[in-house]
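Peer 1: Below are the sequence and a predicted model; questions follow.
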Amino acid sequence: MQLGTAAASPPAPWPLHGAQGSRASEQAAQAELPPFTLMRRAGTAVARLALAVAPHARRVWVACGPGNNGGDGLVAAAWLHRAGRAVSVSLVGDPARLPADAARALEEARAAGVPIQQTPVYGFEPRGEDLAIDALLGLGSSRRPEGPLGDAVAALRRWPGPVLAVDLPTGLDGETGRVFDTELRACVRADHTLSLLTLKPGLFTAQGRDHAGTVWWHDLGAPTVAPDAWLASEGAVQAVRPARLHAHHKGSFGDVIVVAGAPGMVGAALLAARAAVRAGGGRVYLVPLAEDAFAVDPTHPELMVRPLGSLEPMLRAGTGTVVCGCGGGSEVAQILPAVLHAAPRLVLDADALNTMAADEALRTLLSHRGARGAATILTPHPLEAARLLGSSSADVQANRVAAARELAGRLRVTVVLKGSGTVIAGPEGPSWINPTGNAALATPGTGDVLAGWLGGTWRPGEAALDAAVRAVWEHGAAADRWAATHRGPYPASELAEAI
Ligand SMILES: NC(=O)C1=CN([C@@H]2O[C@H](COP(=O)(O)OP(=O)(O)OC[C@H]3O[C@@H](n4cnc5c(N)ncnc54)[C@H](O)[C@@H]3O)[C@@H](O)[C@H]2O)[C@@H](O)CC1
Ligand SMILES: Nc1ncnc2c1ncn2[C@@H]1O[C@H](COP(=O)(O)OP(=O)(O)O)[C@@H](O)[C@H]1O
Ligand SMILES: [K+]
């Protein structure tokens, strides 16, 4: 992603707008501006970015669709033609049925002398072009591209050179990041995407990252409309990073109690507890669910290992953040009622979530926590979220932001829906999408590390959403640093030491 700024301070969070918010922004801008101004700005921005990302491109192929996204492409084509590039346009759609702005863009492109081919692009083969521009569909995309549009998408997928997508890669739902074709074939895989007017959430979650490439944004000078969600940034995370003052002592940071690790899964508990220490938890207690697991972690003697029998008195003291469930097996069920009742701050992961999904009484206890002001963060992956929602992981992935919000609202908790573009949602207010992290995290145990990291970083009195946004960012950022010099999966035990 290319969402940097030249400013000295790190960037603020980026506003994200779904379909409705983007249309509202378009209408507000159209109301203020003379006709065609927005499209001229959009097409010009596309052309300028094309020259920036492919400065040596002499020949450019522009694939234009039947709506205003195609209009943007036609404006860009005319601009590049005037800038001395050899431009060829394939127009997919009936020129007589173009919307007004796109029709004007076609007229201007023709008048400028841009060669425009209206034949289908099935079998299109590059003839020395150095850059392709995908201006087939944008915000109006609502179903799998088929027929000539599908052929054009296929041609862009075969394209050996760089692809710049206008607004969205064709075939991707900008609202959700799902690809309309469940087999993921009918979607352009762009190297760069220039998001216009607004940044769309679907560029950053689900299938978005794999299809959008580097994301750029031009607001076209449109008035600001309240965002539907935020994309986390270094600046946003810094703003909620608690200070470690000179005069602080370990009691300043709050205790963490990790209750996890059924027989055969004690490693998950160790990963979480080690991450909690690294994250800055004041005193970290590890309470294994497996009886007689071990009395000390020899490589981390700072961890205080306590037997399960000591959990209730510790909970009664009522000050620590409890991290519960990592590798919890069915054993976690026995302690969940006490934990739900007593923990002032609670992170629930993995088997704690699966147990709750199967037990309505536990879910009721959980929602009561919200009512009495006790904060809870759930860290499901899509299947765990689906179990809690009574849906399928495909349903969750089809709209990750909506699923996270739904779960947060139902249970009165903060939800961290993990995966590519982790979503962080509370019961109210805009959700967040996290841009850090990569597929090196798709390996066992990294979720346990996240749960422990969250527990260790969450300060008494701090809003759950702030802690969650920060922890998810830092977890992903560690993986990004690692991926800069390594290949393959990031071993969770190394991640736990590195964040
Ligand atoms: N109106 C303007 O002046 C501006 C428009 N902009 C551009 O306009 C785009 C939105 O334009 P439109 O609303 O015309 O929509 P699109 O150009 O994305 O799509 C055009 C039409 O194609 C049809 N369609 C959608 N999916 C299809 C499929 N799978 N197969 C066949 N047909 C399909 C729909 O009827 C849709 O309305 C934005 O993404 C952006 O690129 C922005 O640049 C801002 C300025
Ligand atoms: N492709 C990806 N991009 C970014 N983060 C990812 C990706 N794949 C996995 N992750 C992250 O890795 C962690 C995996 O957690 P989880 O699925 O619970 O695994 P486990 O239970 O084995 O620890 C989550 O934080 C998730 O967001
Ligand atoms: K497009």
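Peer 2: That came through, no problem. Ligands and ions are numbered 1, 2, ... in the order given.

Peer 1: is stretch 184-203 anywhere near ligand 3?
Peer 2: No - counting by C-beta under 5 Å from the ion, no contacts exist between stretch 184-203 and ligand 3, the nearest distance being 6.8 Å. To be clear about C-beta, it is placed using only N, CA and C from the backbone, and glycine gets the same treatment.

Peer 1: mind checking the end-to-end distance for that stretch?
Peer 2: With C-alpha to C-alpha, to the nearest Å as the measure, stretch 184-203 spans 15 Å from end to end.

Peer 1: Can you give me the buried ones in it?
Peer 2: 186-203 (16 or more other C-beta atoms under 10 Å).

Peer 1: Restricted to strands, list those.
Peer 2: Mapping these onto strands (DSSP state E) picks out H192, T193, L194, S195, L196.

Peer 1: who in this structure is up against ligand 2?
Peer 2: Residues of the chain found near ligand 2 (C-beta under 6 Å from any ligand atom) are 350, 381, 418-420, 422, 437-439, 441-442, 444-448, 450, 475.

Peer 1: Can you show me the strands along the stretch 151-300 of the chain?
Peer 2: Listed from the start of the chain, the stretch 151-300 of the chain has strands (DSSP state E, counting those that start in this stretch) covering 163-166, 192-196, 214-218, 229-231, 256-260, 284-288.

Peer 1: who's H192 bridged to?
Peer 2: Taking DSSP bridges as the rule, H192 bridges to L164, T214.

Peer 1: So D181 sits against L172, correct?
Peer 2: No - with contact defined as C-beta atoms under 8 Å, D181 does not reach L172; the gap is 10.1 Å.

Peer 1: who's more crowded, these two?
Peer 2: L172 (30 against 16; other C-beta atoms under 10 Å).

Peer 1: pretty sure that one is touching H211, no?
Peer 2: Yes - the criterion here is C-beta under 8 Å, and L172 meets it with H211 at 5.2 Å.

Peer 1: Mind listing the shared neighbours of the two?
Peer 2: V179, C187, V188 (C-beta atoms under 8 Å, 6 or more residues apart in numbering).

Peer 1: okay but the first one is in contact with V188, surely?
Peer 2: No - with the criterion set as C-beta under 8 Å, V179 and V188 do not qualify as a contacting pair; they are 10.0 Å apart.

Peer 1: Tell me the residue of the stretch 201-350 of the chain that sits nearest ligand 1?
Peer 2: L220 (6.3 Å; C-beta to the nearest ligand atom).

Peer 1: In contact with that residue, which residues?
Peer 2: Contacts of L220 by C-beta under 8 Å, 6+ apart are A29, L38, R41, A42, A45, L196, L197.

Peer 1: mind listing the helices for the stretch 251-400 of the chain?
Peer 2: 266-279, 311-317, 336-342, 350-357, 360-371, 382-389, 393-398, 400-411 (DSSP state H, counting those that start in this stretch).

Peer 1: Could you give the average pLDDT over the fifth one?
Peer 2: For helix 360-371, the mean per-residue pLDDT is 94.

Peer 1: Now do it and helix 350-357, the angle between them.
Peer 2: 100 degrees (axes from the mean of the first three to the mean of the last three C-alpha atoms, to 10 degrees).

Peer 1: Start the count at 222 instead of 1 going forward.
Peer 2: All right, first residue 222 from here; so that's helix 581-592.

Peer 1: Helix 581-592 packs against which elements?
Peer 2: Secondary-structure packing of helix 581-592 (3 or more C-beta pairs under 8 Å, 6 or more residues apart in numbering; DSSP states H and E): helix 557-563, helix 571-578, strand 596-599, helix 621-632.

Peer 1: and if you look at the last one?
Peer 2: Using 3+ C-beta pairs under 8 Å, 6+ apart as the contact criterion, the neighbours of helix 621-632 among helices and strands are helix 581-592, strand 596-599, helix 603-610, strand 635-638, strand 644-646, strand 652-654.

Peer 1: Can you list the neighbours in contact with the longest one?
Peer 2: Contacts of helix 581-592 with the rest of the structure, by C-beta under 8 Å, 6+ apart, involve 557-558, 561-562, 567, 569, 576-578, 596-597, 609, 631-634, 648.

Peer 1: Could you turn the buried ones of the residues you listed into a ChimeraX selection?
Peer 2: In ChimeraX, a selection of the buried entries from the contacts of helix 581-592 looks like this (16+ other C-beta under 10 Å):
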select :557,561,567,569,576,577,578,596,597,609,632,633,634,648
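
Peer 1: For the top helix by length along the chain, buried residues please.
Peer 2: For the chain, the helix with the greatest residue count under DSSP state H is helix 685-704. Neighbour-count burial for helix 685-704, counted by 16+ other C-beta under 10 Å, picks out 685-700, 703-704.

Peer 1: Report the inter-axis angle for that helix versus helix 487-500.
Peer 2: Going by the same axes, to 10 degrees, helix 685-704 makes 100 degrees with helix 487-500.

Peer 1: pull the CA atoms of helix 685-704 into CSV?
Peer 2: What follows is helix 685-704, C-alpha atoms only, in CSV (Å, rounded to 0.1, in the frame of the first residue of the first chain):
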residue,chain,number,x,y,z
ALA,A,685,-11.0,-1.8,24.6
LEU,A,686,-11.2,-0.5,21.0
ASP,A,687,-8.0,1.6,21.4
ALA,A,688,-6.1,-1.4,22.9
ALA,A,689,-7.4,-3.7,20.1
VAL,A,690,-6.5,-1.3,17.3
ARG,A,691,-3.0,-0.9,18.7
ALA,A,692,-2.3,-4.5,19.4
VAL,A,693,-3.5,-5.7,16.0
TRP,A,694,-1.3,-3.0,14.3
GLU,A,695,1.8,-3.9,16.3
HIS,A,696,1.3,-7.7,15.7
GLY,A,697,1.0,-7.1,11.9
ALA,A,698,3.9,-4.6,11.9
ALA,A,699,6.2,-7.2,13.5
ALA,A,700,5.2,-9.6,10.7
ASP,A,701,5.9,-6.9,8.1
ARG,A,702,9.4,-6.2,9.5
TRP,A,703,10.1,-10.0,9.4
ALA,A,704,8.7,-10.5,5.9
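
Peer 1: That one: what's the following helix or strand?
Peer 2: helix 713-719 (DSSP states H and E).

Peer 1: about what we covered before: which pair of the contacts of L441 spans the longest distance?
Peer 2: By the measure C-beta to C-beta, A250 and A266 form the most distant pair in the contacts of L441, at 13.5 Å.

Peer 1: between the two, which one's more packed in?
Peer 2: A266 (22 against 19).

Peer 1: I'd guess the more buried one is in a helix, am I close?
Peer 2: Yes - assessed with DSSP: H, G, I helix; E, B strand; the rest coil, A266 lies in a helix.

Peer 1: so what's it up against?
Peer 2: L415, L417, H439, L441.

Peer 1: Among the residues you listed, give me the pair with the biggest separation.
Peer 2: L415 and L441 (10.6 Å).

Peer 1: measure D580 to R537 for me?
Peer 2: From D580 across to R537, the span is 23 Å (C-beta to C-beta, to the nearest Å).

Peer 1: More neighbours: which of the two?
Peer 2: D580 (15 against 9).

Peer 1: Could you tell me which residues make contact with that one?
Peer 2: A554.

Peer 1: Can you give me the neighbour number for T706?
Peer 2: Neighbours around T706, by other C-beta under 10 Å: 6.

Peer 1: Look up how far ligand 2 lies from it.
Peer 2: 18 Å (C-beta to the nearest ligand atom, to the nearest Å).
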